[in-house]
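What follows is a protein structure lacking sequence information:
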């Protein structure tokens with residue numbers, strides 16, 4: 001059985017390195033991109049099982065735009081998308097109260113930065129379990 005593939009897209013290179021080390025320790029195959037267009041290209045090439053995506057990179061909404069683009073591509077439509085952002089607290093929004101609208105916000109989960117490693121691994125396992133148990137075609 002092959003390792004689950006995770007693509008990390010964030011403009012914070014130090015965070016990318018830390019997350020890569022954490023995920024590789026849990027036996028995930030990890031790919032990195034530091035901006036949306038590079039992440040989209042990497043996703044088309046590697047077909048990840050999960051994309052973990054920051055919202056604010058080169059623009060305030062780059063992550064949202066990339067999530068929409070990922071969902072629009074037939075070969076990536078079933079890819080799980082986890083949005084990780086530091087802007088919910090800034091906006092006074094509780095992540096648990098945010099309704100995920102598949103048109104406006106086409107993601108499977110939103111987590112607030114900083115994310116505790118244990119919580120991140122738990123949510124990754126949950127998303128990938130659901131993907132592999134429910135999306136086989």
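Right, received. Where do you want to start? All of these numbers come straight from a predicted model, not from anything done at the bench.

how about the residue nearest to the spatial centre of the chain, phi and psi?
Residue closest to the average C-alpha location in the chain (C-alpha atoms, centre = their mean): residue 52, at 1.8 Å. Phi and psi for residue 52, reported as degrees, to the nearest 10, are phi -110, psi 120.

who does it bridge with?
For residue 52, the beta-bridge assignment (DSSP bridges) gives partners residue 8, residue 82.

I'd say it and residue 80 touch.
No - using C-beta atoms under 8 Å, residue 52 makes no contact with residue 80, being 9.3 Å away. In this view, the C-beta of every residue, glycine as well, is placed from N, C-alpha and C.

In terms of pLDDT, where does the closest residue to residue 123 other than its chain neighbours sit?
Counting by C-beta to C-beta, 6 or more residues apart in numbering, residue 109 is the residue found nearest to residue 123 once chain neighbours are left out, at 6.0 Å. Each residue has a pLDDT score; the one for residue 109 is 90.

Let me see the contact set for residue 109.
80, 81, 82, 83, 123, 127 (C-beta atoms under 8 Å, 6 or more residues apart in numbering).

now these in CSV, with neighbour count and distance to residue 70?
As requested, the contacts of residue 109 are exported to CSV (neighbours: other C-beta atoms under 10 Å; distance: C-beta to C-beta, whole Å):
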residue, neighbour count, distance to residue 70
80, 22, 10
81, 26, 6
82, 21, 12
83, 24, 11
123, 19, 18
127, 20, 14
